[in-house]
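Peer 1: Sharing a model that was predicted from the sequence below.
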Amino acid sequence: MAAITTDMPFASRLTVTPMACFGAIVAAAVALWAPTALDMATLWVMSSSYHYGIFVAPIAAWMIAKKSAPPPAPAHRLPGFFIIAFGAALWLLGRAGGVALVEQFALVTAVIGGVGVAFGGGALRAWAYPLAFLYFMVPFGEAVVPGLQTITAQIIVALLSALSMPVSIDGYLIQTPAGAFEVAEACAGFRFLISATMIAAVFSYVSFQSWRKRIGFLVFASLAAIFANGLRAFLLVLIATLTDRQWAVGPDHLLIGWIFYALLFLGLIAAGRRFADAPAPHAPAATQTTAGASAFPVMLAAIAIIAAAAVYANVIVERPVHNPAPVSLSLLNAPGWRILPPAQNWRADLQHADRTAGATYVSGDNTVYLRLGYFTHDRKGGEIINYKNRAWSGAYWRHIGARDAVIYLFGTSKTRRIDILAGPERRRLAAVTVYWLGDEIFIEPWRMKLAQAKAKLAGRNPSGGLIIIAASYNRDPADAVATLRNFTGDLEPLSAWLSRIDRQ
């Protein structure tokens with residue numbers, strides 16, 4: 001029997017179904033960007049705030065099967081490639097800047113782009129809502145917790161004042177006749193907000209046909225969740241105050257909260273059903289299609305974009321750095337200020353810094369506390385910008401608020417964030433934190449992250465660190481801010497301090 005021959009390239013003769021093409025792209029993204037996928041999955045499992053992440057992809061698949069119109073045969077794959085390329089660039093930026101949130105957002109973006117490559121641009125349009133729902137897989141939102149704490153505290157004070165009950169507020173601490181109540185991070189309502197928004201997202205997709213109604217219901221649910229959490233916290237403080245802390249401070253605290261949340265969820269669903277649209281007619285079932293002769297090279301091209309980002313990250317962004325650390329870390333000089341040993345009852349939490357130093361500075365009636373952290377370079381497990389590198393330790397000192405103030409420091413007069421801290425024996429501190437990278441000073445952490453990303457993408461990873469300056473006050477944080485201004489105005493230039501470190 002004669003052998004059958006063909007001039008068609010091997011790759012073109014392979015037949016790959018859209019689902020197989022999509023699965024290969026997702027598998028490649030998870031494997032090549034494994035640290036990102038592992039960090040995201042770890043948070044799903046380990047953090048009670050993000051357990052819901054495990055169920056997002058199955059819910060999105062159910063939403064597609066439940067209601068979405070079937071896409072046409074795979075065509076117009078270019079939008080999928082653009083989305084994957086954008087995701088790869090974003091992933092590189094997040095990797096270089098050490099921002100896990102950006103990396104994880106980029107990973108989900110690449111997965112969505114894989115839908116466009118495998119199923120075509122028609123699938124991106126037909127499945128837009130469920131695909132956008134996939135972003136709930138990203139463990140996001142902790143940055144809004146301080147804002148939620150502030151809103152909750154203000155709602156409590158406003159409602160107590162409306163009842164003519166004596167109340168005062170200091171940051172997140174609320175004082176009533178029954179004592180002090182703290183609006184802690186767990187009381188901010190972040191979990192409730194995420195849960196309400198996610199449930200509302202699924203409900204609005206099933207119940208409404210127009211995007212305007214869906215987005216409107218999402219906004220309504222989010223605002224309702226924020227106000228409801230404030231109302232819940234108010235009721236707990238009110239009950240504890242009226243009963244002289246006999247109720248709403250123990251296990252019943254959680255029980256009251258769960259009952260309140262359940263009632264609100266039922267109320268949201270009832271409100272949504274009241275304005276739900278009539279069910280749309282079911283779209284005809286899609287016929288099974290294949291990607292045809294072009295699927296295999298298209299799949300390889302999509303994977304190549306993801307692989308290129310991974311290779312660049314490994315070769316350029318994360319190449320080994322061997323910057324030696326100084327033997328010891330010099331203190332900042334401030335003419336007119338005596339340098340004393342560091343405070344024993346306050347020490348900023350500087351995790352994984354290569355060198356640290358601290359001191360107390362005294363000039364007349366003014367006293368400030370200084371804490372320095374030096375990093376030879378930014379790396380995994382040794383990030384300069386990290387939630388663990390801050391002015392409060394969490395064990396003895398708590399963050400109870402923030403304010404902005406104009407402070408002159410290292411040659412510039414700018415508005416800077418002042419953290420308000422509460423410590424043992426009703427002590428209060430106002431602290432300002434600044435960051436440095438190379439020979440530049442940064443106030444906002446996000447600007448520091450951008451500078452780090454730019455340097456790493458160019459193959460550089462300079463030394464950097466942070467400087468924390470704190471002052472105590474009795475009643476008004478403005479007194480501490482004035483002390484900080486007096487001290488920072490007398491500090492030596494940053495370049496002089498860095499040159500002493502380099503000589504070491």
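Peer 2: Yep, that arrived.
Peer 1: what's the neighbour count on residue 273?
Peer 2: Residue 273 has 10 neighbours, counted by other Cβ atoms under 10 Å. To be clear about C-beta, it is placed using only N, CA and C from the backbone, and glycine gets the same treatment.
Peer 1: Give me the nearest residue to it, chain neighbours excluded.
Peer 2: Spatial nearest neighbour of residue 273, excluding adjacent residues (Cβ to Cβ, 6 or more residues apart in numbering): residue 207 at 6.9 Å.
Peer 1: what are the phi and psi values for that neighbour?
Peer 2: In terms of degrees, to the nearest 10, the main-chain angles of residue 207 are phi -100, psi -20.
Peer 1: What residue spans form the domains of the chain?
Peer 2: Under the assignment automatic domain parsing, the domains of the chain span 13-140+290-317, 143-274, 338-503.
Peer 1: just to revisit the earlier point, who's in contact with the residue nearest to residue 273?
Peer 2: Shown in contact with residue 207 (Cβ atoms under 8 Å, 6 or more residues apart in numbering): 217, 272, 273, 276, 277.
Peer 1: The helix or strand hosting the first one packs against which elements?
Peer 2: Here residue 217 sits within helix 211-242, counting by DSSP states H and E. Under the contact criterion of 3 or more Cβ pairs under 8 Å, 6 or more residues apart in numbering; DSSP states H and E, the helices and strands touching helix 211-242 comprise helix 145-162, strand 173-176, helix 190-207, helix 251-274.
Peer 1: Show the subsequent helix or strand relative to the last one.
Peer 2: Taking DSSP H and E as the definition, the helix or strand that follows helix 251-274 towards the C-terminus is helix 295-312.
Peer 1: coming back round to it: quick check, nearest of the contacts of residue 207 to residue 497?
Peer 2: residue 217 (54.7 Å; Cβ to Cβ).
Peer 1: State the distance from the closest one to residue 173.
Peer 2: The spacing between residue 217 and residue 173, counted by Cβ to Cβ, to the nearest Å, is 35 Å.
Peer 1: Between the two, which is the more surrounded one?
Peer 2: residue 217 (22 against 19).
Peer 1: residues touching the closest residue to the more buried one other than its chain neighbours, list them.
Peer 2: Leaving aside its sequence neighbours, residue 217 sits nearest to residue 204 (Cβ to Cβ, 6+ apart; 4.3 Å). Taking Cβ under 8 Å, 6+ apart as the contact definition, residue 204 lies against 213, 214, 217, 218, 272.
Peer 1: my guess is the first one contacts residue 275, does it?
Peer 2: Yes - here residue 213 reaches residue 275: they are 7.3 Å apart, a contact under Cβ atoms under 8 Å.
Peer 1: Mind checking which of the two has more residues around it?
Peer 2: Set residue 213 next to residue 275 and count neighbours by other Cβ under 10 Å: residue 213 wins out with 16 against 11.
Peer 1: how much space between that one and residue 136?
Peer 2: Taking Cβ to Cβ, one finds residue 213 at 20 Å from residue 136.
Peer 1: cool, and residue 318?
Peer 2: 29 Å.
Peer 1: For residue 377, give me its contacts.
Peer 2: With Cβ under 8 Å, 6+ apart, residue 377 has these contacts: 321, 323, 461, 462, 463, 464.
Peer 1: For these, work out which two are farthest apart.
Peer 2: 321 and 464 (12.0 Å).
Peer 1: which of those two has more neighbours?
Peer 2: Between residue 321 and residue 464, counted using other Cβ under 10 Å, residue 464 has the larger neighbour count: 24 against 14.
Peer 1: Give me the phi and psi for the more buried one.
Peer 2: Residue torsions, per degrees, to the nearest 10, at residue 464 are phi -170, psi -170.
Peer 1: from memory residue 411 sits against residue 491, does it?
Peer 2: No - between residue 411 and residue 491 there is no contact under Cβ under 8 Å: 9.8 Å.
Peer 1: Pick out whichever of the two has more residues nearby.
Peer 2: Taking neighbours as other Cβ under 10 Å, residue 411 and residue 491 compare with residue 491 leading, 22 against 10.
Peer 1: List the residues that contact the residue nearest to residue 89 when sequence neighbours are not counted.
Peer 2: Nearest residue to residue 89 in three dimensions, chain neighbours excluded: residue 309, at 7.5 Å (Cβ to Cβ, 6+ apart). Residues in contact with residue 309 (Cβ under 8 Å, 6+ apart) are 32, 33, 88, 89, 91, 92.
Peer 1: Give me the subset of those lying in strands.
Peer 2: Of the contacts of residue 309, none are assigned to strands by DSSP state E.
Peer 1: Can you report how many residues lie near residue 239?
Peer 2: For residue 239, using other Cβ under 10 Å, the count is 18.
Peer 1: now swap in residue 316 and tell me
Peer 2: Residue 316 - counted by other Cβ under 10 Å - has 15 other residues nearby.
Peer 1: if we can go back for a sec, indicate which one of the helices and strands packed on helix 211-242 is closest to residue 433.
Peer 2: By Cβ to Cβ (comparing all of these), the closest turns out to be helix 145-162, at 14.4 Å.
Peer 1: Give me the local confidence score for the residue lying closest to residue 488 once chain neighbours are set aside.
Peer 2: Among residues not flanking residue 488 along the chain, residue 409 sits closest, at 4.3 Å (Cβ to Cβ, 6+ apart). Residue 409 is assigned 89 on the pLDDT scale.
Peer 1: Next: the one 4 residues further on.
Peer 2: Listed pLDDT for residue 413 reads 89.
Peer 1: and what of the one 10 residues further on?
Peer 2: Residue 423 is assigned a predicted lDDT (pLDDT) of 87.
Peer 1: ditto for residue 6
Peer 2: pLDDT at residue 6 comes out at 43.
Peer 1: Equivalent analysis for the one 3 residues further on, please.
Peer 2: We note a pLDDT of 49 for residue 9 in this prediction.
Peer 1: Also residue 291?
Peer 2: On the pLDDT scale, residue 291 gets 41.
Peer 1: State the distance from the residue nearest to residue 217 to residue 418.
Peer 2: Counting by Cβ to Cβ - residue 204 and residue 418 are separated by 40 Å.
Peer 1: is it true that residue 115 touches residue 23?
Peer 2: No - contact status for residue 115 versus residue 23: not in contact, 11.3 Å apart, counting by Cβ under 8 Å.
Peer 1: out of the two, which sits in the busier spot?
Peer 2: residue 115 (25 against 15).
Peer 1: Only alpha carbons, please: show the helix or strand encompassing the more buried one as CSV.
Peer 2: Per DSSP H and E, residue 115 falls inside helix 100-119. What follows is helix 100-119, C-alpha atoms only, in CSV (Å, rounded to 0.1, in the frame of the first residue of the first chain):
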residue,chain,number,x,y,z
ALA,A,100,1.2,40.7,44.5
LEU,A,101,-2.2,42.3,43.8
VAL,A,102,-1.1,43.5,40.4
GLU,A,103,0.4,40.1,39.5
GLN,A,104,-2.8,38.3,40.4
PHE,A,105,-4.9,40.8,38.6
ALA,A,106,-2.7,40.2,35.5
LEU,A,107,-3.0,36.4,35.8
VAL,A,108,-6.8,36.6,35.7
THR,A,109,-6.5,39.1,32.8
ALA,A,110,-4.4,36.5,30.9
VAL,A,111,-7.0,33.8,31.6
ILE,A,112,-9.7,36.1,30.2
GLY,A,113,-7.5,36.8,27.2
GLY,A,114,-7.2,33.0,26.7
VAL,A,115,-11.0,32.9,26.3
GLY,A,116,-10.7,35.4,23.4
VAL,A,117,-7.9,33.4,21.8
ALA,A,118,-9.6,30.0,22.1
PHE,A,119,-13.2,30.9,21.5
